[in-house]
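Sequence and predicted structure are below.
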Amino acid sequence: MTESFRAIVIGGGVGGTSIAYHLAALGWSDVVLLERADLTSGSTFHSAGLVGQLRSSVSLTRMMMYGTDLYRRLQDETGVDVSWHEVGSLRLASSGERLQELQRQAGWGRTFGLPLEILSTEEAHDLFPLFDPSGVLGAAFLPTDGYLDPSGLAFALAEGARRRGVEIRTNARVTSVDARDGRVRGVVTAEHGRIDADVVVNAGGMFAHQLGRMAEVEVPVVPFGHQYLLTEPIEGVTAELPTMRDPDRLVYFRPEAGGALVMGGYERNPDPWAVEEGPPADFNGKLLPGDWPRFEWLAESAASLVPAMGDAGMVRLLNGPEAFTPDGEFILGESDVRGFFVAAGFCAHGIAGAGGIGKVLAEWIVDGEPAWDVWKMDVRRFGPHYRSRGYARDRAYEVYATYYDIHYPGEERRAGRPLKVPPAYARLQELDAEFGEKSGWERVNWFRSNEDPAHEARRPRGWAGEHWSTAIVAEHLACRERAALFDESSFAKLEVSGPDAATFLQRLCANDVDRPPSSVVYTQMLNPRGGIESDLTVTRLADERFRLVIGTAFGNHDLAWIRKQLGDQRVHVRDVTGAFACYGVWGPCARDILSAITDADLSNDVFPYLHAREIDVGSAPCLALRVTYVGELGWELYTPAEFGASLFEALLEAGRDHGAVPAGYRAIDSLRVEKGYLAWGADITPEEDPFQAGLGFAVDLGKDFLGKDALVARRDRERPRLATLALEDARAMVLGNEPVFHGGDVVSRITSGGIGYAVERSIAFAYLPSPLPDPGTRLEVEVFGERVGAEIVGRALWDPAGERIRA
Ligand SMILES: Cc1cc2nc3c(=O)[nH]c(=O)nc-3n(C[C@H](O)[C@H](O)[C@H](O)COP(=O)(O)OP(=O)(O)OC[C@H]3O[C@@H](n4cnc5c(N)ncnc54)[C@H](O)[C@@H]3O)c2cc1C
């Protein structure tokens, strides 16, 4: 008889054992963990074991904080020694910019209640007297960080799972995954034959790519050799020294039992390993040969900071492979194959992350959705281009090689570009476009041809002024005063069609989308908890055909979300992103510009706001949508890709007489902030509902839709509400995650913001405790360690009544 379990977890590292532990904690004990060799014989056994909590995103930090809490109590709970040492962590600043980064992180940590302090060099030196203070400008100290024994952690998690009924099988190798008709049904193992389950979790670490392919799921992890060295005992090193990182020197340290130091780092020339063929079938309990030439620079850099290292002998250089990802984020969640989950690619912070990863995955499996917004880690974020191992490797290489660098806002990745280009690409280049990249698409950030030194005085202070141009101001103002032409061809476009398309979308969308053809509806799709899963426009093209337009980065997510909701309805969902170019023509002159090259009647009577028409513009057939993300009169024009270049030229030409300029995405962002429009993933996420975000106008409670019950239940509950803040310093630009103070207390963190160049204010969004304080209420926002006064203002600083968009 075939064995059957409720869930199978593949992989006996910290990832798999933590998922098994948390599934059992949620009451799923009919679970088997399959490990092809011994527990911890993948990347886990050779880990350095540092646990640091403060990370780049809210959810990741919360996951790390949860993990730390778990590690503190796990030994008492399971009786297994995890050697948790809560010694704290130091992060040194050896440059002015790094000190600013630490100050920013301290503010960020404060919004979580993390006791992160900025220390003077002397104070830091008191905690770790072995480092040479010359050249060190200060440090951040987080006393609740620490280190542990990675294998001990995996054994303890496995023991916790076992006690709650999970079966742990070692020497059980999965040789194939049975995935048919879009869902997983079980696995086949070399030792136990077939095992059935509706849920299979791929927690295969660096082997996750191979395991994924067994289910035809692309998991773009790339193994890299990661090295650290173990010194001989050094006088003054005790187990209670804090861990220490010096990102400017690319190195980290932790004490080892017996007075030795473990020292590792992120070299500039990392070593991808077994990328095409995958790690060998017998690669368990093994290491790669130490690569001293690659490590030497790091060792010297470390010795320049901790001179005693130069005198101490090296016991060994350890080179262990670890799964990195093309964007440095974990890969988590349910794949396109229903029931086939992934938890891999922990990028050398899987020990710190394991607790949170287990919690998130278990909730995802048991409840159908994770409780936290983990979109940045979602396996669905990758497009089909990540099937190329070369592309995945190049992207991961860049992330690894720049791991410790300061990443200024607006910084763009270089690897693997250009990949996807819009039809007018050559012309955009001629116009001196500064390109950025999103989801593989080349997109214009701004045009250098629009630069104007007169706007230099508006350059945001500090980091925000690094990747910035006066052209952004010029393009922003041109859009407000005359018109601007934006190439938005990368917008994700989905077509939903079929006899049940209207009822299907009506069930998915919170707004009423079952309106007559030519209607354009702004709406959100909600999850069962009432949180915002997607923010989009839905245009009805015909009775049974709809066009959905979504932000470039979220197309894959929304496509997967929509497909997941499909049952046996007669609905066809198609990604048509590359099939159409899209141009936004916005500004007070937009109607005049278009009228010069179309016979269509663009008057308010015939073509009102939030309507769509098939019109010809120049010689291009277009679907024109009267919508805007910048808060001005205008249209989005969608034309088949082959007409894209000529339509762009015609629009450029027609715009010239009206002083219109081609413009880029950075202007779109400042324009949307000024108008109070929100960005999914920052201002609105699966955790917030539309009422909290002030989007109640886009909810139709008169009909049934997914998430409605939860939404109604939470509507009157006390929960934070989104507010717009205007900062006193018009050049102090928020980057997101800054703490917000009211009466001396931290009350919130910034979700996003920017400078409204037309209203000449620096603007930011934040969720504040309900009821919202009155407009005019004084608050403070900590920007790079400095408190900047702010006041609560109405949602939109620009055209609050929306007269311009209906002009
Ligand atoms: C040198 C080094 C230093 C590090 N330092 C730190 C640190 O200081 N802090 C930190 O947080 N992280 C650190 N890490 C990262 C951390 O060790 C990893 O992120 C973590 O161990 C990965 O755990 P995992 O469960 O995903 O993978 P693994 O531990 O590799 O587990 C995956 C398991 O899946 C099994 N498997 C694969 N295929 C099959 C199959 N077909 N059937 C059955 N089983 C299968 C494998 O045998 C393996 O045991 C470091 C990593 C390295 C290499």
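Perfect, thanks for sending it. Just so it is clear, the structure is predicted and the values come from calculations on it, not from any experiment.

ranges for the helices of the stretch 701-807 of the chain?
Under the criterion DSSP state H, counting those that start in this stretch, the stretch 701-807 of the chain contains helices at 708-715.

now the residue positioned nearest the centre of the chain, nearest residue through space, not along the chain?
With distances taken as C-alpha atoms, centre = their mean, K376 lies nearest the centre of the chain, 2.7 Å away. Excluding its sequence neighbours, the residue lying closest to K376 (C-beta to C-beta, 6 or more residues apart in numbering) is E329, at 5.2 Å. Backbone N, C-alpha and C define where each C-beta goes, glycine included.

Number of residues surrounding R547?
21 (other C-beta atoms under 10 Å).

just S770 next, same as before
12.

Within range of the ligand, give me the residues from the stretch 301-450 of the chain.
Residues of the stretch 301-450 of the chain lying close to the ligand by C-beta under 6 Å from any ligand atom are 320, 322, 344, 346, 348-352.

mind putting those in JSON lines, neighbour count, distance to E803 and secondary structure included?
Below are these laid out as JSON lines (neighbours: other C-beta atoms under 10 Å; distance: C-beta to C-beta, whole Å; DSSP: H, G, I helix; E, B strand; the rest coil):
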{"residue": "G320", "neighbour count": "22", "distance to E803": "62", "secondary structure": "strand"}
{"residue": "E322", "neighbour count": "25", "distance to E803": "56", "secondary structure": "strand"}
{"residue": "A344", "neighbour count": "30", "distance to E803": "51", "secondary structure": "strand"}
{"residue": "F346", "neighbour count": "31", "distance to E803": "51", "secondary structure": "coil"}
{"residue": "A348", "neighbour count": "23", "distance to E803": "53", "secondary structure": "coil"}
{"residue": "H349", "neighbour count": "18", "distance to E803": "50", "secondary structure": "coil"}
{"residue": "G350", "neighbour count": "25", "distance to E803": "53", "secondary structure": "helix"}
{"residue": "I351", "neighbour count": "26", "distance to E803": "56", "secondary structure": "helix"}
{"residue": "A352", "neighbour count": "28", "distance to E803": "51", "secondary structure": "helix"}
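
Nearest to G465 among the residues you listed?
G465 has its nearest neighbour among these in H349, at 30.4 Å by C-beta to C-beta.

Could you pull up the residues touching the closest one?
Contact analysis of H349 by C-beta atoms under 8 Å, 6 or more residues apart in numbering lists 52, 55.

do G333 as well
By C-beta under 8 Å, 6+ apart, G333 lies in contact with 341-342, 361, 364, 370, 374, 377-380.

Highest neighbour count among those residues?
Going by other C-beta under 10 Å, V342 tops the contacts of G333 with 30 neighbours.

and the lengthiest helix in the chain, is it in reach of the ligand?
In the chain, with assignment by DSSP state H, the single longest helix is helix 58-78. No - contact between helix 58-78 and the ligand is absent, the nearest approach being 9.0 Å (criterion: C-beta under 6 Å from any ligand atom).

quick one: average confidence on the next helix or strand after that helix?
Counting by DSSP states H and E, the next helix or strand C-terminal to helix 58-78 is strand 89-93. Taken as a whole, strand 89-93 has a mean pLDDT of 98.

Output the below-cut-off pLDDT ranges for the chain.
Within the chain, the set of residues satisfying pLDDT under 70 is empty.

ok so, going back, from the contacts of G333, which is closest to the ligand?
Closest approach to the ligand among the contacts of G333 (C-beta to the nearest ligand atom): V342, at 10.4 Å.

Need the phi and psi values for that closest one.
phi -130, psi 140 (degrees, to the nearest 10).

Return the set of residues that bridge with it.
In this entry, V342 is beta-bridged to N202, G333, by DSSP bridges.

swap in V496?
F546, V573.

if we can go back for a sec, which residues touch the residue nearest to K376?
Contacts of E329 by C-beta under 8 Å, 6+ apart are 60, 345, 347, 376-377.

repeat for R626
Counting by C-beta under 8 Å, 6+ apart, R626 has contacts 520, 607-612, 634-635.

can you do 10 Å?
Neighbour list for R626: 520, 590, 602, 604, 607-613, 633-636, 805-806 [criterion: C-beta atoms under 10 Å, 6 or more residues apart in numbering].

repeat for K438
Residues in contact with K438, defined by C-beta under 10 Å, 6+ apart, are 412-413, 420, 490, 551-553, 665.

Specify the beta-bridge partners of it.
Beta-bridge partners recorded for K438 (DSSP bridges): W441.

and the residue of the stretch 51-200 of the chain nearest the ligand?
Closest residue of the stretch 51-200 of the chain to the ligand, C-beta to the nearest ligand atom: V174 (3.7 Å).

do the same with the stretch 151-300 of the chain
G205 (2.4 Å).

How about the backbone phi and psi for that residue?
Backbone torsions for G205, taken as degrees, to the nearest 10, come to phi 60, psi -130.

can you check T639 too?
According to degrees, to the nearest 10, T639 has phi -130, psi 150.

And the one 5 residues further on, by the same measure?
With angles defined as degrees, to the nearest 10, G644 shows backbone torsions of phi -60, psi -50.

The residue of the stretch 301-450 of the chain found nearest the ligand - nearest residue in space that isn't next to it in sequence?
Relative to the ligand, the nearest point of the stretch 301-450 of the chain is G350 (2.1 Å; C-beta to the nearest ligand atom). Sequence neighbours aside, V14 is the residue nearest to G350 in space, at 5.7 Å (criterion: C-beta to C-beta, 6+ apart).
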